[in-house]
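[1] Whatever this is, show me its structure:
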Amino acid sequence: MKEPQWLSALNSEQKEAVLHEKDPLLILAGAGSGKTRVITTRIAYLVEKLGFNPWSILAVTFTNKAAAEMRERVESLVPGAEGAMIRTFHSFGAWLLRRNGASLGLKSSFSIYDDDDTIGLLKTLFDHLPRNELKLIARNISRAKDECLSPDDNLSHISADHEFPRYYREYEERLREIGNADFGDLIYLSRKLLAENPEVKTRIQQRFKVVLVDEYQDSNRAQFQLLQELVAPGTWLCVVGDDDQSIYRFRGAEVENILGFQDHFPGTRVIKLEENYRSTGHILAVASHVVSHNEGRLGKSLWTRQEEGVKPRLAYLADQNEEAEFCARQLADGNWSGSAVLYRTNAQSRLFESVFRKHNISYRLVGTTSFYSREEVKDSLAYLGFLSNPADEVAFRRLINKPARGIGAVSLNKILKGEGAVLLSVNLEQALVSAKERIRGKAAKGVASLIDLLQKMKEIMPVQENLGQFLKELITESGLFDHYRDHDKAEGTQKVKNLEELVSAASDYPSTPEGLAEFLELIELDQASLEEEENDTNRVTLITMHNTKGLEYDRVFITGMEDGLFPRGAEYDDEEEIEEERRLFYVSITRARKELYLTSCRRRMLYGRTEQASPSRFLRELPEDHIEVMGEAPVSAAGVPDSEYPPGTRIYHDDYGVGEVIRNMENSGHLVIQVAFETGHSMTFLPEFNGYQLEKIGQ
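    Residues are numbered from 1 along each chain as shown. Below you'll find the predicted structure:
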């Protein structure tokens, strides 16, 4: 009998995965290897050829978009398969709890709390705590549930605050009293339900004879434990994922779930999908060579039937301005919609936005707003705008309670309306001073502090090195820095990075009223031109590396390839973090279909100061035969020649103890080494001058 076209179109490994039967199956699907086709075709095969009732098939993935795409593909292959349950993990959890949650105190009509609801409930319990602290507690509760930890478990790695278990316990008790569930409960309580109710567990296992999981490398501990409860000895279990694309550790993803799958499910068959349908040969060679440096992986190597293509180009550039100009030059061919500029942090988008607008290159930002439209940036610009024009009521309304000063609507009205008549074209700073005597209580202190701040800023502006240094002082003295640092801590954002980038942007202007006016004017012109581009479909994509997962482009620029930026500095002493950053590099490389550019700067401006930069350690891992180098590589790119302290050298220091050289750098012709000590310290030395302090050991 002739096999259906949807089966004959598969390559040999894909077909083997589709036809596999009862034993647990782990499909290691490399980037661009057609994993979605495999998992949807497997569902079609189970229904059409093996006679499984679609009602008995459960497939879970991580996003609504992926679930919808999977449903659509399955139904197009086998119309009778639409009865298969294809949902996100959380959607499945909600389905399960609404039908079986009574034993946990849940009615079928329970509401699902989002982040704001969770914070609101915490506020009713702990009204004395500031909102940023409540946000942090909410985030930590979510992390605990992602790890299937109750308030009675050891939570010290979640939060160092000894009060956190109490906060968590009281929150849980109140949430159970209300009868609702938060987002984390959809997995946490689903696992608890099956683990503690054998009758429900047996019934669910009897229904779902087949369980499939997509993007398994992104699963967290709670999702893994839920999967364990769902699977019975006779369940046909199949998971699809790529250990080399596990890049969401910061969200709770556990790469160990896929690395240890065979240990948890004995008899597992592993099938590797290594044929790539996306990228050229040179690009795949670079990707495979880079990720092979990771030890925590199951191992595979991508290949393609396509041509080798042009070699990826590695460009060594002077600074971030030249980096943005370099990208703009490559984009002169007009293929903007097929191109993407990737960076590690959103703050890096600022210069690309400015340079691309200067060259009339249309772009779109993915996953964030335009740099100058971000909340923390607009708050800072409100202060600058008001200092430039004290009649700017819009700026005044934005800054007066940012951060909070206790100046409510009544007090604000007194300031803006003076003694009763609306003041037109008024100097609002003078209005602030005149209203000071009419305002009482907490608002009076807030008004006084704002008056003092504005006066101080006017005094220090003329003596600052440049506008960036002035803005740095303003952000610090106003409290914006502390406010957004706390915000980053509570919500895992990087708003402080954007403040630092704004300082760098302002550093090109003198710290004078004229320089301030020029800076603000440039921003206004930039924003106006941006609005005109919104209807243009031919636009370059500006996007963080994390947001590129699942996307692909003809041409990709991976920028900011410098140690401390990518990989980020905090990861130097954590090998697991380094491996995740390397996986992020692999994901970024494999987004490119035809052309790949890597850029590394010798200098980069950080928080208004230009600092020397060292090429990313990952650049030393590139295969030379598959890379074309543009520009002169800094000495530190391949280690300083003839160094007496190459990376890996073990040394002893009287003050710091035993350590290992992790980097060689060059500064003004002198060798500089970075040493990671067993105590946790990381120090730099110039052996030419203080080598007598360093004693080599084990050489």
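
[2] the strands in the stretch 1-150 of the chain, which residues?
    For the stretch 1-150 of the chain, the strands defined by DSSP state E, counting those that start in this stretch cover 25-29, 57-61, 85-88, 112-113.

[3] and what of the stretch 401-550 of the chain?
    Ranges of strands in the stretch 401-550 of the chain, per DSSP E, counting those that start in this stretch, are 540-544.

[4] remind me which residues of it are low pLDDT?
    Residues of the stretch 401-550 of the chain meeting the criterion pLDDT under 70: 418-426, 526-536.

[5] Quick check, central residue of this protein?
    Centroid-nearest residue in the chain: residue 546, 5.1 Å away (criterion: CA atoms, centre = their mean).

[6] if I pick the closest residue to it other than its chain neighbours, what's in contact with it?
    Closest residue in space to residue 546, ignoring its immediate chain neighbours: residue 247 at 6.3 Å, by CB to CB, 6 or more residues apart in numbering. C-beta here means a position set from N, CA and C on the backbone, and glycine is covered the same way. Listed by CB atoms under 8 Å, 6 or more residues apart in numbering, the contact set of residue 247 reads 253, 545-546, 549, 580, 583-584, 587.

[7] Make sure residue 247 is indeed in a helix.
    No - using DSSP: H, G, I helix; E, B strand; the rest coil, the secondary structure at residue 247 is coil, not a helix.

[8] how close does it sit to residue 97?
    Here residue 247 is placed at a distance of 29 Å from residue 97 (CB to CB, to the nearest Å).

[9] Please apply the same query to residue 515.
    Residue 515 is 59 Å from residue 97, by CB to CB.

[10] do residue 309 as well
    Plainly put, residue 309 is 50 Å away from residue 97 if you go by CB to CB.

[11] The two - which one has more neighbours?
    Under the criterion of other CB atoms under 10 Å, the comparison of residue 309 against residue 97 puts residue 97 first, with 22 against 18.

[12] Which pair in the contacts of residue 247 has the greatest spatial separation?
    Pairwise distances across those peak at 15.3 Å for 253 and 545 (criterion: CB to CB).

[13] any idea which element residue 278 lies in?
    Under the criterion DSSP states H and E, no helix or strand holds residue 278.

[14] Contacts only, for residue 186.
    89-90, 93-94, 97, 112.

[15] quick one: which of those is most hemmed in?
    With neighbours taken as other CB under 10 Å, the top of the contacts of residue 186 is residue 93, carrying 28 neighbours.

[16] And the pLDDT for it?
    Looking at residue 93, its pLDDT stands at 96.

[17] Check the contact between it and residue 192; I expect there is one.
    No - Residue 93 is beyond contact range of residue 192, at 10.8 Å (criterion: CB atoms under 8 Å).

[18] For the residue lying closest to residue 482 once chain neighbours are set aside, give its distance to residue 484.
    Once flanking residues are discounted, residue 482 sits nearest to residue 403: 7.6 Å by CB to CB, 6+ apart. Residue 403 sits 9 Å away from residue 484, taking CB to CB as the criterion.

[19] which of these two has more neighbours?
    Comparing residue 403 with residue 484 by other CB under 10 Å, the one with more neighbours is residue 484, at 24 against 16.

[20] could you measure the more buried one against residue 379, distance?
    With CB to CB as the criterion, residue 484 and residue 379 are 8 Å apart.

[21] ditto for residue 289
    Distance from residue 289 to residue 379, by CB to CB: 45 Å.

[22] now do residue 121
    28 Å.

[23] Over to residue 217?
    38 Å.

[24] Next: residue 471.
    Distance from residue 471 to residue 379, by CB to CB: 12 Å.

[25] residues contacting residue 131?
    119, 123.

[26] let me fix that: residue 632
    residue 316.

[27] host element of it?
    Here residue 632 is assigned to no helix or strand, by DSSP H and E.

[28] where does it land on pLDDT?
    Residue 632 is assigned a predicted lDDT (pLDDT) of 81.

[29] from here on, count from 23
    Sure thing, new numbering starts at 23, so read that last one as residue 654.

[30] What values do phi and psi take at it?
    phi -90, psi 120 (degrees, to the nearest 10).

[31] try residue 240
    phi -90, psi 0.

[32] hang on, it packs against residue 83?
    No - using CB under 8 Å, residue 240 makes no contact with residue 83, being 9.2 Å away.

[33] For residue 349, see how far away the closest residue to residue 332 other than its chain neighbours is.
    Leaving aside its chain neighbours, residue 332 sits nearest to residue 617 (6.3 Å; criterion: CB to CB, 6+ apart). Using CB to CB, residue 617 is found at 12 Å from residue 349.

[34] same check, this time on residue 50
    Separation of residue 50 from residue 349 (CB to CB) stands at 34 Å.

[35] Now for residue 501, how many residues are close by?
    Counted with other CB under 10 Å, residue 501 comes out at 15.

[36] quick one: it and residue 425 touch, right?
    Yes - contact status for residue 501 versus residue 425: in contact at 4.5 Å, counting by CB under 8 Å.

[37] wait, what's in contact with residue 693?
    Contacts here follow CB under 8 Å, 6+ apart; on that basis residue 693 touches 662, 665, 667, 686-687, 708-710.

[38] ugh, wrong one, residue 713
    By CB under 8 Å, 6+ apart, residue 713 lies in contact with 666, 707.

[39] Confirm it sits in a strand?
    No - read with three-state DSSP, residue 713 is helix and lies in no strand.
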